[in-house]
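Engineer: would you be able to build a 3D model of this:
(chains A and B)
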Amino acid sequence: MKPPAFDYLRAESVSDVLEGLAQQGGDARVLAGGQSLMAMLNMRLAKPKLLIDIMRLKELRKIERQKDAVVIGAGVRQADLLAWPDLAEALPLVALALPWVGHVQTRSRGTICGSLAHADPSAEMPLTLVALGGEVLLRSAKRRRRVAAKDFFAGMMLTARSDDELIEGISLPVTRGSRFAFREVARRHGDFAIVACAAMKIPTGVRLAVGGVADVPTARDWPRLEGTALDDALNAFAYELGARDDVHATARYRRDLVRMIGRDLIGEVLQ
Amino acid sequence: MSRLKADQRHAVRFSLNGKPVEGEAEPRMLLSDFLRHQLGATGTHVGCEHGVCGACTIVVDGMLTRSCLTLAAQVDGCELKTVEGLAPSADRLGVLQQAFRRNHALQCGFCTAGILMSLDHYLAKNSAPTEAEIRDLLSGHICRCTGYTPIIQAALEAAAQLASSKKETSDA
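Structural biologist: Residues are numbered from 1 along each chain as shown, chains lettered A, B, ... in the order given. The predicted structure is shown next:
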């Protein structure tokens, strides 16, 4: 398993990246930590003509605390964010979910934004972005735009990013006074999730976000439900996600996990 | 900005276990292949080549790194540490390596280089690890011989030994 041939560009400024993307379009890929892209290249599931390495750009490696949000740059590695002293206080859900991303040996290199760009349906960071209602900051040579999490993920490993756009960073809202819970079921810790769930208390009730079942991570809000009303709502949601059988688990098992974990987590955040 | 052409070989220079090395690589050449084929540093093993098995794990600029998920071109100018850098001299094993030997923490040895690099990196920062922490760290490696138990024993033993030797030095 060796990658196909490509040119390699070590960007020295963001405009280098944008220029490369503008020229090469869909034949270019941005290389950050490489923990998803390099595997795709080795298996030849991706065959770009140009790789643009952004990891020497200091301006993309910032974690910035704003008034009601945290902006995480494209070059911020998962291990960097885990080691950020404000993480548990500013982004408690990320603090819960991030240790489930890969292993120590891959979090050391992999980036937060890279995981979002890859958009694996069972990955934890896309799920967290959707649960928190964050935004993706996209930039091309011509324009800048912000895309809401729910509009960013367009399908299995598909996103709303255009070929000429760089994911410059993400913005995650800081929600005070809420409660969060996260749980995942996988064969081993660090493997792809069979089902991953995040729950949070919101002013109108509760939100549950589910990854690993539908093609994209999906969030649902409910008013404060209890007893059989909650069971019915979770059951309907589990079916709506359109679970499929695969080598890891049956559709029925996935629905069961959504119902069980969903109920547990909602109980945790509403207690 | 430098654009390296796909069909040409380009100079790659970095520090390997404290010594400057250089070679030539096409942009697509994996670091694992560069180490083994260009530099002859065959201590780093290659298993799955998609980042799952952990056999090729090395340390780049202080970060644990899957060398099969890294291009040689990416580490130009970096500092690399591989399993060849663990022993204090050619005829002596390091503390962690000795603990592996005592505890039969390897059988075929294919996964060992990567596991040693992860543990060496971890123990340097965490002098008193728990068994749970070692198990979490080892989840990034696959060993098909040992069942992991002797690896965990070796890691805990090495940690204790390293901690006590550090204490002696600092008391002296």
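Engineer: how about the contacts made by A:Val130?
Structural biologist: A:Val130 is in contact with A:Ala149, A:Lys150, A:Phe153, A:Ala209, A:Val216, A:Pro217, A:Thr218, A:Ala219, counting by Cβ atoms under 8 Å, 6 or more residues apart in numbering or on different chains. Where you see a C-beta, it was placed from the backbone N, CA and C, and this is true even at glycine.
Engineer: just to check, the fourth one is in contact with A:Val195?
Structural biologist: No - taking contacts as Cβ atoms under 8 Å, A:Ala209 lies outside contact range of A:Val195: 11.4 Å.
Engineer: find residues that contact each of these two.
Structural biologist: Common neighbours of A:Ala209 and A:Val195, using Cβ under 8 Å, 6+ apart, do not exist here.
Engineer: circling back to that earlier point, are any of the contacts of A:Val130 buried, and which?
Structural biologist: With burial judged by 16 or more other Cβ atoms under 10 Å in any protein chain shown, the buried subset of the contacts of A:Val130 is A:Ala149, A:Phe153, A:Ala209, A:Val216, A:Pro217, A:Thr218, A:Ala219.
Engineer: quick check: the fourth one is in a strand.
Structural biologist: No - when the secondary structure is assigned by DSSP: H, G, I helix; E, B strand; the rest coil, A:Val216 falls in coil instead of a strand.
Engineer: please report the distance of it from chain B.
Structural biologist: For A:Val216, the distance to chain B equals 24 Å [Cβ to the nearest Cβ, to the nearest Å].
Engineer: what sits against that residue?
Structural biologist: A:Ala119, A:Pro121, A:Pro126, A:Val130, A:Phe153, A:Ala154, A:Gly155, A:Met156.
Engineer: quickly find the element holding A:Asp191.
Structural biologist: Using DSSP states H and E, A:Asp191 sits within no helix or strand.
Engineer: tell me, how many residues neighbour it?
Structural biologist: If you count neighbours by other Cβ atoms under 10 Å in any protein chain shown, A:Asp191 ends up with 17.
Engineer: can you pull out the strands in chain B?
Structural biologist: Counting by DSSP state E, chain B has these strands, from start to end: B:2-4, B:10-16, B:19-25, B:57-60, B:63-66, B:79-81.
Engineer: nearest to A:Arg263, out of those strands?
Structural biologist: Closest approach to A:Arg263 among the strands of chain B (Cβ to Cβ): strand B:63-66, 37.4 Å.
Engineer: partners of that closest one, with directions?
Structural biologist: strand B:57-60 (antiparallel) (DSSP bridges).
Engineer: residues in the stretch 1-150 of chain A within reach of chain B, list them.
Structural biologist: A:1-13, A:16, A:31, A:34-35, A:38-39, A:41-43, A:49-51, A:53, A:55, A:77, A:79, A:102-106, A:108-109 (Cβ under 8 Å from any Cβ of the partner chain).
Engineer: among those, name the ones in strands.
Structural biologist: Secondary structure from DSSP E places A:Asp7, A:Tyr8, A:Leu9, A:Arg10, A:Leu31, A:Leu50, A:Leu51, A:Asp53 of those in strands.
Engineer: tell me the bridge partners for the first one.
Structural biologist: For A:Asp7, the beta-bridge partners are A:Leu50 (DSSP bridges).
Engineer: OK, contacts around it?
Structural biologist: A:Lys49, A:Leu50, A:Leu51, B:Arg3, B:Leu4, B:Lys5, B:Ala6, B:Pro27.
Engineer: before we move on, what about the last one?
Structural biologist: With contact taken as Cβ under 8 Å, 6+ apart, A:Asp53 is in contact with A:Tyr8, A:Leu9, A:Arg10, A:Ala11, A:Leu31, B:Ala73, B:Gln74.
Engineer: okay if I get those residues as a markdown table plus distance to B:Gly51 and neighbour count?
Structural biologist: Shown next, in a markdown table, are those (distance: Cβ to Cβ, whole Å; neighbours: other Cβ atoms under 10 Å in any protein chain shown):
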| residue | distance to B:Gly51 | neighbour count |
| --- | --- | --- |
| A:Tyr8 | 19 | 23 |
| A:Leu9 | 23 | 24 |
| A:Arg10 | 22 | 20 |
| A:Ala11 | 23 | 24 |
| A:Leu31 | 14 | 25 |
| B:Ala73 | 18 | 24 |
| B:Gln74 | 14 | 24 |
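Engineer: let's have those residues in JSON lines, adding distance to B:Glu84.
Structural biologist: Converted to JSON lines, the contacts of A:Asp53 look like this (distance: Cβ to Cβ, whole Å):
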{"residue": "A:Tyr8", "distance to B:Glu84": "27"}
{"residue": "A:Leu9", "distance to B:Glu84": "31"}
{"residue": "A:Arg10", "distance to B:Glu84": "27"}
{"residue": "A:Ala11", "distance to B:Glu84": "32"}
{"residue": "A:Leu31", "distance to B:Glu84": "27"}
{"residue": "B:Ala73", "distance to B:Glu84": "22"}
{"residue": "B:Gln74", "distance to B:Glu84": "20"}
